[in-house]
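Enquirer: attaching a predicted model along with its sequence, questions to come.
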Amino acid sequence: MNWKTRIRVSDLAPTQKLEIICRQCGRLAYITGLDVKDQSLYLDELERRLRCKARGCRGHARLAMVRLDELTGFVGGLA
Ligand SMILES: [Zn+2]
């Protein structure tokens, strides 16, 4: 079972972050569901539409769910 085919953008909690990793250059970016215009997209559809924003790359990206407990630790470490 693939969670990406079952979860819509609109199903995500507002604070849930998604990690976008470029398959080509490895560029990492974060978005939340609120950053996505089309809330009816399933996450696998969103993943197919994502393109790396790095200059000259435009590679396909892999979407991953960021676990909130890990994220909290990460943010705390930066503060
Ligand atoms: Zn890239």
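Expert: Looks like it arrived, so ask away. Computed from a predicted structure; not experimentally measured.
Enquirer: got the residues of the protein near the ion?
Expert: With the criterion set to Cβ under 5 Å from the ion, the chain comes near the ion through 22, 24-25, 27, 52, 54, 57, 59. C-beta coordinates here come from the backbone N, C-alpha and C atoms, glycine included.
Enquirer: so which of these sits lowest on pLDDT?
Expert: Note: of the residues of the chain next to the ion, the lowest pLDDT belongs to A54, at 92.
Enquirer: the closest residue to that one other than its chain neighbours: neighbouring residues, count only.
Expert: Once flanking residues are discounted, A54 sits nearest to R27: 4.7 Å by Cβ to Cβ, 6 or more residues apart in numbering. Neighbour count for R27, taken as other Cβ atoms under 10 Å: 15.
Enquirer: I figured R27 hits G56, correct?
Expert: No: in this structure R27 lies outside contact range of G56 using Cβ atoms under 8 Å: 11.4 Å.
Enquirer: who's the residue nearest the centre of the chain bridged to?
Expert: Closest residue to the average C-alpha location of the chain: L18 at 3.0 Å, with Cα atoms, centre = their mean. With DSSP bridges as the criterion, L18 is bridged to I31, M65.
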